[in-house]
Structure formats: C-alpha cells, structure tokens
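A.B. asks: Could you work out the structure for the sequence below:
(one chain, ligands or ions: 1)
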Amino acid sequence: MTEQRAGILSIGSYVPERVVTNDDMSKIVDTSDEWIFQRTGIRERRFAREDEYTSDMALEATKVALERAEMKPTDIDYILVATASPDNTFPNTACWVQQGLQMGDIPSLDISTACAGFVYAIELAAALVNTDTYKNVLVIGAEKLSSITNFSDRSSCILFADGAGAAVVTRTDGNGRIVCTRNGARYDYDALNVAAGGTRLPASHETVEKNMHTIALKGRTVYKFAVQKFMEMAQEACSRADITPDDVALVVPHQANINIIESAMKRVGIEMDRVLINLDRYGNTSSASIPIAMDEALAEGRIKRGDYVLFEAFGGGLSWGYNLVKW
Ligand SMILES: CC(C)(COP(=O)(O)OP(=O)(O)OC[C@H]1O[C@@H](n2cnc3c(N)ncnc32)[C@H](O)[C@@H]1OP(=O)(O)O)[C@@H](O)C(=O)NCCC(=O)NCCS
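C.D. replies: From the prediction side, this is the model:
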C-alpha cells in the first residue's frame, strides 16, 4: 500500500470581470502596448471592482476548489491565505474567508511573503498535514494589487493585477503529492517595498500625498535576482527529487515577466512549451498567479496523472520558493 502523504487534491481560481488592456494603461501613464508587451509579455490584466475585496476573490476561488475536492467548507480545519494586499491589517484575510463560508472556529493565518506567498503556504500546509497536525488545509493566494499600485509610476503600474486561487491540501495515496519543497528569504528593502502604513511610517497626509502606500520596485534588480533564483530552484528541485529537467512535464512559474521566465528556463534547459504562461492575459497577480495558472493548465489538459509539475516564485522580502508536485 502506498504511504499517504500531503498532496494537492484540487485547485480553483477566480479573476475579476474587468479587463484592462495596455491601451487602457496608456491613458493613465505615458506608455504603449508595444513597450509593455516587449518588456513584460503582458497584453491585458484584470482589476477588481471598487467594492470587491481580496477576501471576496479568495471566497470565489475557494468555492471552486471545495466543489472539485467534493468537500464542504466545514471539512477544512486550517486556512492559510497568502496575500500582500489583505482586506485589513486585522482581522486577517483568512478570518474573512472563514466567516464568509461559515467554516467554524478553525485556525486562520495570513502569510506575508509577497509574490512568493503561495509556495510558502503550500510548504506550510504540507508540513501541517504530514505531521498529522491538521487534515484538510485550505491554501489561498489572493490579491487586489490594484489597490496598492502607484498609478503615476509607469514602470510598475503596468505589471500588477488582481485575482485569486485556492488549493485543498490533504493526505493522498499519491495523486498531487508534494514531492519536495523549499522556501527562502533575504532582506532587501530597496528592491521591492510598500514604504508606509506600518510602524516605520504610519499613515499620514504626507504618506498619502507621496503615494507611499503603494508598491515601489527596482525593476532591474528584481529582474536579475529572479532569473538567477528561478534557475537555481529548478535545478535544486530536480536534484532533490532525483530527476532531470527533462522529467518535468510542466513548470508553473510566478507570472511576473515573460523575459525573466524565458531566460531562466533556457539556462535550465526547459523548453517554453513545458512552461505555463498566462501573464499575457492576467499580468502579475502576485501570490495568486501560480494557482490561477495551475487551474488553467488543468483545464487545458496540459497535466496528466503522474506528471511532475514545478511551482516556483519570487517576491518582495526578497523571498522565494518552490514546490515540486507529482500530479
Ligand atoms: C519593470 C520592468 C518591466 C522594467 O523594464 P526595464 O527593461 O528594466 O526598463 P527600465 O526600468 O530599465 O527602463 C527603460 C526605459 O523605459 C522607460 N519606461 C519604464 N516604464 C515604461 C513604460 N511603462 N512605458 C514606456 N517606457 C517606460 C524608462 O523610463 C526608461 O527610459 P530611459 O531609458 O529614457 O530612462 C522590468 O525591469 C521588470 O519586469 N522587472 C521585474 C519586476 C517585477 O517582476 N516585479 C515584481 C516582482 S514579484
């Protein structure tokens, strides 16, 4: 009999209705479809309604994931929400999800590792399940980045978008098994930050006037770091699982920039037809990007049972991580 280990039982996702094209962005800042597409691969993205919050999108993705897992909300015994754009500082977004689906008084935790949030959450969920601490862990990546984007900075506002994805992690006989996983972080404030709103710089008229509650980034620094990390993580995951990059059926990377992904995959020796790309339609949805992309890969039949699928992500912190899954 196969030993039961933590695995991903189901995935669900949600993106808001409103499509914002590069031409729409060029009405806000001095840019063009050509510049954005060439430098990032993005054609359009989705922005949530003003009254649609991170937890609302998380709830929609969760309903799909639960239905596919054939579970009721009360079957879940732990909620992990990865987000850089929570509904509130507290209650955390996981608590909003808990009450939204009447899931009972279960532990509800937000994870703050920016775009690497989902791979962090999967690693923690696997540990909780493998140690029999909890049985069915709901893992969510959800973001309303449009609410923390600086729409006067043309080099960053063209990147970010809104959406949510959810996964149910539980013990499985083999399907969806989380084979190996690793996370990491190294302090670098200047590369990526939201300066104000915390104790270092509480909200004031000045912080609002100077747009300091929005994402600031050093694009080139993040770009170089990301290429290197994507390459190292793919090599490390394969080596730990005793497989080669040729054995990976599909890479589902954080959808930040097509050029980052292409350049890293070329160095690892993984052709782009084994890499899921949907950033052309959804932009960078931070911690939501991997589950949204994975949901799409499954819907398109790009993954068969037994395939190795690699998630990898990087984000503010700087933070990074991967999960290798045997679907
Ligand atoms: C942000 C990013 C797209 C910028 O691309 P880049 O090639 O590094 O561009 P640069 O910032 O060096 O700017 C090059 C020129 O384009 C201009 N430019 C920047 N944004 C522009 C835009 N949206 N439209 C037109 N021109 C733009 C700059 O002003 C600069 O002009 P200059 O040469 O006259 O000074 C790219 O660095 C990137 O994707 N980095 C990773 C960021 C990321 O993924 N962050 C999220 C992490 S999870």
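A.B. asks: ok, for the closest residue to the ligand within the stretch 101-250 of the chain, nearest residue in space, not its chain neighbours?
C.D. replies: Residue nearest to the ligand within the stretch 101-250 of the chain: residue 219 (2.6 Å; CB to the nearest ligand atom). Quick note: C-beta positions are derived from backbone N, CA and C, even for glycine. With sequence-adjacent residues excluded and distances taken as CB to CB, 6 or more residues apart in numbering, residue 219 is closest to residue 155, at 5.6 Å.
A.B. asks: What is the burial count for the one you found?
C.D. replies: Residue 155 has 14 neighbours, counted by other CB atoms under 10 Å.
A.B. asks: need the strands for the stretch 151-300 of the chain, in chain order.
C.D. replies: Using DSSP state E, counting those that start in this stretch, the strands of the stretch 151-300 of the chain run over 162-172, 177-185, 192-194, 215-217, 248-253.
A.B. asks: try the stretch 1-150 of the chain
C.D. replies: 5-14, 18-21, 44-47, 78-82, 108-111, 137-144.
A.B. asks: Of the strands of the stretch 151-300 of the chain, flag the one that's most buried.
C.D. replies: strand 162-172 (a mean of 28; mean count of other CB atoms under 10 Å).
A.B. asks: relative orientation of that one and strand 5-14 in degrees?
C.D. replies: If you take axes from the mean of the first three to the mean of the last three CA atoms, to 10 degrees, strand 162-172 sits at 150 degrees to strand 5-14.
A.B. asks: could you give the angle of the longest helix seen in the chain to strand 248-253?
C.D. replies: Longest helix of the chain, by residue count under DSSP state H: helix 219-241. Going by the same axes, to 10 degrees, helix 219-241 is angled at 150 degrees with respect to strand 248-253.
A.B. asks: Make residue 1 into 303 and carry on from there
C.D. replies: I'll keep to 303 as the first residue from here, and by that count the last item is helix 521-543.
A.B. asks: Out of the strands of the stretch 303-452 of the chain, which is the most enclosed?
C.D. replies: strand 439-446 (a mean of 32).
A.B. asks: What is that strand packed up against?
C.D. replies: helix 356-371, strand 380-384, helix 395-402, helix 419-432, strand 464-474, helix 591-601 (3 or more CB pairs under 8 Å, 6 or more residues apart in numbering; DSSP states H and E).
A.B. asks: Now render these as JSON lines, adding distance to the ligand and mean pLDDT.
C.D. replies: JSON lines is the format used below for the helices and strands packed on strand 439-446 (distance: least, CB to the nearest ligand atom, whole Å; pLDDT from 0 to 100):
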{"stretch": "helix 356-371", "distance to the ligand": "17", "mean pLDDT": "98"}
{"stretch": "strand 380-384", "distance to the ligand": "13", "mean pLDDT": "98"}
{"stretch": "helix 395-402", "distance to the ligand": "19", "mean pLDDT": "98"}
{"stretch": "helix 419-432", "distance to the ligand": "10", "mean pLDDT": "98"}
{"stretch": "strand 464-474", "distance to the ligand": "14", "mean pLDDT": "97"}
{"stretch": "helix 591-601", "distance to the ligand": "9", "mean pLDDT": "98"}
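A.B. asks: Adding distance to residue 491 as columns, could you present the ones you listed in JSON lines?
C.D. replies: Below are the helices and strands packed on strand 439-446 laid out as JSON lines (distance: least, CB to CB, whole Å):
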{"stretch": "helix 356-371", "distance to residue 491": "24"}
{"stretch": "strand 380-384", "distance to residue 491": "21"}
{"stretch": "helix 395-402", "distance to residue 491": "24"}
{"stretch": "helix 419-432", "distance to residue 491": "18"}
{"stretch": "strand 464-474", "distance to residue 491": "25"}
{"stretch": "helix 591-601", "distance to residue 491": "23"}
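A.B. asks: ok so, going back, surely the residue of the stretch 403-552 of the chain closest to the ligand touches residue 455?
C.D. replies: No - with contact defined as CB atoms under 8 Å, residue 521 does not reach residue 455; the gap is 10.3 Å.
A.B. asks: What parts of the chain come near the ligand?
C.D. replies: Contact residues, the chain versus the ligand (CB under 6 Å from any ligand atom): 333, 337-338, 341-342, 417, 456-457, 460-461, 494, 519, 521-522, 524-525, 558-559, 586, 617.
A.B. asks: Only the buried members of those: can you turn that into a PyMOL selection?
C.D. replies: Buried residues among the residues of the chain next to the ligand (16 or more other CB atoms under 10 Å), as a PyMOL selection:
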select buried, resi 333+338+341+342+417+456+460+461+494+519+524+525+558+559+586+617
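A.B. asks: was I right about residue 323 contacting residue 346?
C.D. replies: Yes - using CB under 8 Å, residue 323 makes contact with residue 346 at a distance of 4.5 Å.
A.B. asks: and the most centrally placed residue in the chain, what pLDDT?
C.D. replies: Geometric centre of the chain, nearest residue: residue 589, 2.3 Å, by CA atoms, centre = their mean. pLDDT recorded at residue 589 is 98.
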